[in-house]
Structures are given as structure tokens and as C-alpha cells.
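*Asks:* the sequence isn't on hand, but the structure is:
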């Protein structure tokens, strides 16, 4: 399909694992793109795509310039800064100002004002902002990344945290990217997904012990999970020199799993892509240990 058949899509978060995969999928479909980031030199070159930036989420002027010419914006959530809502609102308002008519927002399963996972509370705030922003939008709530347990492991491949019997429907970056691509390709003045909240999950809900055991089998590396009490989880991270903000984020991530807040399993992947959701053992890539940053 030629670029002339598609409106231009702007994709943020281009130096991250998800944004880059979304852009690669859209490029495969011949979609013209604006690839937006704070470090344009780190953005991959893709056919039919322009690299735009530097543009930080909090910089309205730079963001307006970066988004000029786009019809749809894929907004991948930024890192936790204490002003995530304000930064996301700045991006959306910049998009509206330059004529973008649709936002596809990547949120989190479990987004709620009373969510255990602190990032899920931030995501809910952005969802509420979008609902009143006067622009067509779709909320795509991604489940817990299949790759996250591997990134949380220490140098001995041990994943430790305050969870035991709780479950999560771990989902791959590739499945999330495929769903977002399917929604982006549903073009025109109206989409079946306008105003929708789509929860993108893996095919089954696993405990962390089950998930880590499957990662070990898939990678051939000795990953294992060790449950901690809340007190042990805090004390170990504090000794490692981890900031209070990241300690809160990590502990709340484990506790959201323990409380079942991210255990929902949906058919969104199969329904929108035509292929079943990928089991965690079949994920396409695994990050190195000790590479988690605030857990999204």
C-alpha cells in the first residue's frame, strides 16, 4: 500500500522499546510518519518517516513544531516526573493546535484514581484529561510488559519483590504494537475505536514465579523469583541507593500484581490483529538484568 493511501501518524517515545516497535509496524504498512523524540539522532531511520525534534513533552513550542502535519498522534506515556499529567496535556494541546484530529494514548491496565501501582494513577489522570479535551481519541491500556521481570533481575538473575500468589497477564511489546497499528490503520473521519478503552493483555494470568520460570526456560538463563515482605523490599532497595520515588514505584508494581489489579485477560490482541496473544515464553526479546527504570 502506498503512502498516499494513509494520513500521517506522529509517534512519540521513539527511543523506547514500544514507540520504536509501533513505528516499525506502521512503516511496514506504508504509513507516512513523524517520529518525535528528545534526541532525534537516536531515532531510527524508517521508510516514509521524518525524524522530528528535539521535542520534550513539557515544551509546547517544540512539540507544536514536531507534530505539524500529522493527522493522528500515538502518545506513548513519558517517564514518571511528578508532572506527567501536565506534560501529556501539553502534548495533546500542541497536537490540537496544529490540526491533529485523533490521539491514540498508551495507558496501563488497572488505570484508576485509587490504583495500587502509582503509574496507573498518573495514566488515569491523562485518560480523564483526554475525555474532556475535545479531540477524537482511543485509550490503549497495556498490560504488564512480558520483558519487565527480566529487566528487574539482579546480576544473579534473581527477581525479588513483595508478591507471591497474585497474577498478571504479561503482554509482549510486539502484541501491543500490533494492536496500536490496527487502530491507527482504521482511518477516516470516524473509527470504530473512537472513545474506546482497549485493554491489551497476554493470553493468561501468571504469578511472578510462573512468569520468571518461563523466562528462564525460554532464555536458558537461571532466572528465579524470590518473594519478599514489604519491609524486606524497602530495606534492600534502600541499601542499594535507589531513590524513594523508584522504591515506591517498584513496590507498588509488585503489590498491584499481588492484589490482582493487572490480572484481567482480554481478547483484544486476537480480535484486532487476527492472531492469538503471545505467551510470555515466546516473547521476541529479553532485556539484560538490572535495566528496569522506574518500571514504566
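*Replies:* Thanks, I have it. All of these numbers come straight from a predicted model, not from anything done at the bench.
*Asks:* how about the strands of this structure, start to end?
*Replies:* 9-11, 33-36, 49-52, 72-76, 102-108, 136-142, 158-161, 167-168, 197-200, 206-207, 224-227 (DSSP state E).
*Asks:* out of the ones you listed, which is closest to residue 277?
*Replies:* strand 197-200 (8.4 Å; C-beta to C-beta). Yep, even glycine has a C-beta here, placed from its N, CA and C like the rest.
*Asks:* buried residues of the closest one, list them for me.
*Replies:* Buried residues in strand 197-200, counting neighbours by 16 or more other C-beta atoms under 10 Å, are found at 198-200.
*Asks:* and the closest residue to residue 212 other than its chain neighbours, how many residues sit next to it?
*Replies:* Leaving aside its chain neighbours, residue 212 sits nearest to residue 225 (4.1 Å; criterion: C-beta to C-beta, 6 or more residues apart in numbering). The number of residues packed near residue 225 is 22, by other C-beta atoms under 10 Å.
*Asks:* next: residue 274.
*Replies:* If we define neighbours as other C-beta under 10 Å, then residue 274 has 9 of them.
*Asks:* so for stretch 186-194, mean pLDDT?
*Replies:* Per-region confidence: stretch 186-194 scores 93 on mean pLDDT.
*Asks:* list the contacts for the closest residue to residue 223 other than its chain neighbours?
*Replies:* Take residue 223 and drop its neighbours on the chain: the residue closest to it by C-beta to C-beta, 6+ apart is residue 216, 4.0 Å away. Residues counted as contacts of residue 216 (C-beta atoms under 8 Å, 6 or more residues apart in numbering) are 157, 222-224.
*Asks:* format those as a markdown table; extra columns: distance to residue 31, neighbour count and pLDDT.
*Replies:* Formatted as a markdown table, those follow (distance: C-beta to C-beta, whole Å; neighbours: other C-beta atoms under 10 Å; pLDDT from 0 to 100):
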| residue | distance to residue 31 | neighbour count | pLDDT |
| --- | --- | --- | --- |
| 157 | 39 | 16 | 97 |
| 222 | 42 | 10 | 98 |
| 223 | 37 | 24 | 98 |
| 224 | 42 | 16 | 98 |
